[in-house]
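Asker: Here is a sequence with its predicted model. Questions after.
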Amino acid sequence: MASASVRAALIGVVAALLLVGVVSHTPLRHCVQVAPGIAVLGLQHFRREAARFAALAIFVFWLSMMVLIWLFLLGIARVVTGHFTPVEIALTIVIGLASAIGIVAATRADGTSRWPARIAAFVAGAACQVGATWLSIQPMLANR
């Protein structure tokens, strides 16, 4: 059950991010950003327990990004800035909710892997997501 919930939450995050790409006319940028999530979905398809912890890192990353966007929209912080259309704002809520659900599902699931393997999968997932996001804001992709 938890595995299905993690998968559904990850699909929700990926789909909403791709929709943001369509709405903001930056589909290539958002395709790069969702690549780690798609890779983790592939791992999960092969029943790799490490996928849950890599997904957890992706959920934490995107929930953090959504919180920073909401803080900007509320005029509280300017860590993330920009212009957000009503559709993009609605999609931040979808991404935030899917991420929160994914975090709960990933942390509640039972597993047999040891903590070093779990931590390694989390760090790998986080590194891939941070790297993909960094790559997506480089000039060659920033407005594509």
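Answerer: Done, it's in.
Asker: which intervals of this protein have sub-threshold pLDDT?
Answerer: 1-2 (pLDDT under 70).
Asker: Now do residue 60 against residue 123, distance only.
Answerer: 12 Å (CB to CB, to the nearest Å). Backbone N, C-alpha and C define where each C-beta goes, glycine included.
Asker: got the contact list for stretch 118-138?
Answerer: Residues from elsewhere that reach stretch 118-138 (CB atoms under 8 Å, 6 or more residues apart in numbering): 29-30, 32-37, 39-40, 50-58, 60-62, 111, 113, 141-142.
Asker: thinking again about what came up before, who has more neighbours, residue 60 and residue 123?
Answerer: residue 60 (18 against 13; other CB atoms under 10 Å).
Asker: Who are the contact partners of the more buried one?
Answerer: Contact analysis of residue 60 by CB under 8 Å, 6+ apart lists 99, 103, 126.
Asker: ok, the first one touching residue 10?
Answerer: It stands for residue 99. No. Contact criterion CB atoms under 8 Å: residue 99 and residue 10 do not qualify, at 9.3 Å.
Asker: Break down this protein into its strands, ranges please.
Answerer: Taking DSSP state E as the criterion, the chain contains no strands.
Asker: Can you identify each of the helices in it by residue range?
Answerer: Remark: helices assigned in the chain by DSSP state H are 2-23, 27-45, 50-73, 86-108, 115-136.
Asker: Let me know which of those helices is tucked in deepest.
Answerer: Most buried of the helices of the chain by mean neighbour count (mean count of other CB atoms under 10 Å) is helix 50-73; its value is a mean of 21.
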